[in-house]
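Visitor: Attaching a predicted model along with its sequence, questions to come.
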Amino acid sequence: MKGKITPKNLLGKNNTKKEKITLDNLITKVSTNTVADAIKNTLHKKGVIEGVKPLNNKDIVMGKVVTVKTSSDDWGTSIKAIYGADKNDILLIQCDNDEYAIWGEMASQAAKKHGLKATIIIGASRDTNEILNLNYPVYSKSIRPNSGFPKNEGIINERLIIDDMVVCSNDIVVADVNGVVIIPSNKVDIVLEEVNNIITFENQSIKKLLESDDSLVDILNI
């Protein structure tokens, strides 16, 4: 096959039946792997926040982000950000490094009480066992025992530059054991359309692989 292989052009005219996936049912139907593939195919970006993983591998979250930027020795900004967010929001905190933990048990207690869905930290967290016992989803790049100070010198609700992405408050984050993916708020529809294409294509491909003598090479037309 000439040109780029994507679920959309491989499905062609056979793309007649779709299991409709929306934001409401996204995390019950697909993983971040599918969302990342959809972003790659449509936006030509990774859409992935590198190196950030859940404290609890069973946690799966999706929602609107509230952006936070701070130095790793300033946990005060993280606390302030909790009360600048609305119920069901997800804090996305970008630190300049992970030399200090900017999130722990008390922050998680406060965030859970305030109704937040999760906290995602491009930096370090601590109090791992205590957070796990709270059943509040926290994702971080590393874990450290040491923390900084309540400086409150960071910024909230400003755009973040993360690798090849510009992330703003109200963008959509999807996070699970595989990692963290960002969908720009103005690209949700096109990404969801491609997610549906991918799922239809994968279901058809697996069915054909199991029920025919075709190899995966033949099915994917590689």
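Guide: Great, that's in hand. Residues are numbered from 1 along each chain as shown.
Visitor: Quick check: nearest residue in space to residue 65, chain neighbours excluded?
Guide: With sequence-adjacent residues excluded and distances taken as CB to CB, 6 or more residues apart in numbering, residue 65 is closest to residue 92, at 4.3 Å. For the C-beta atoms, the positions are set from N, CA and C on the backbone; glycine is no exception.
Visitor: What residues sit buried inside whichever helix in the chain runs longest?
Guide: Criterion DSSP state H: the longest helix present in the chain is helix 188-211. Neighbour-count burial for helix 188-211, counted by 16 or more other CB atoms under 10 Å, picks out 190-192, 194-201, 204-205.
Visitor: Pull the distance from that helix to the chain's centre.
Guide: How far helix 188-211 lies from its chain's middle: 20 Å, per CA atoms, centre = their mean, to the nearest Å.
Visitor: same check, this time on stretch 180-199
Guide: That offset, for stretch 180-199, works out to 12 Å (CA atoms, centre = their mean).
Visitor: Could you tell me the end-to-end distance of that stretch?
Guide: Using CA to CA, to the nearest Å, the end-to-end distance of stretch 180-199 comes to 19 Å.
Visitor: do the same with stretch 161-176
Guide: 22 Å.
Visitor: for stretch 84-94, same thing?
Guide: Distance across stretch 84-94, first residue to last, is 16 Å (CA to CA).
Visitor: quick check: longest strand of the protein.
Guide: strand 61-70 (DSSP state E).
Visitor: Save the buried residues of helix 188-211 as CSV, and put in distance to residue 181 and pLDDT too.
Guide: Formatted as CSV, the buried residues of helix 188-211 follow (distance: CB to CB, whole Å; pLDDT from 0 to 100):
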residue, distance to residue 181, pLDDT
190, 15, 98
191, 10, 98
192, 13, 97
194, 13, 96
195, 11, 96
196, 16, 94
197, 17, 94
198, 13, 94
199, 16, 92
200, 20, 90
201, 19, 89
204, 24, 88
205, 22, 85
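Visitor: and the next element down the chain from the longest helix of the chain?
Guide: Going down the chain from helix 188-211, the next helix or strand is helix 216-220, by DSSP states H and E.
Visitor: Dump that next one to CSV, keeping only the CA atoms.
Guide: Written as CSV, here are the backbone C-alpha positions of helix 216-220 (Å, rounded to 0.1, in the frame of the first residue of the first chain):
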residue,chain,number,x,y,z
LEU,A,216,-1.4,-10.1,10.2
VAL,A,217,0.9,-8.9,7.4
ASP,A,218,-1.9,-9.5,4.8
ILE,A,219,-4.6,-8.0,7.0
LEU,A,220,-2.7,-4.8,7.6
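Visitor: and it, what does it pack onto?
Guide: helix 188-211 (3 or more CB pairs under 8 Å, 6 or more residues apart in numbering; DSSP states H and E).
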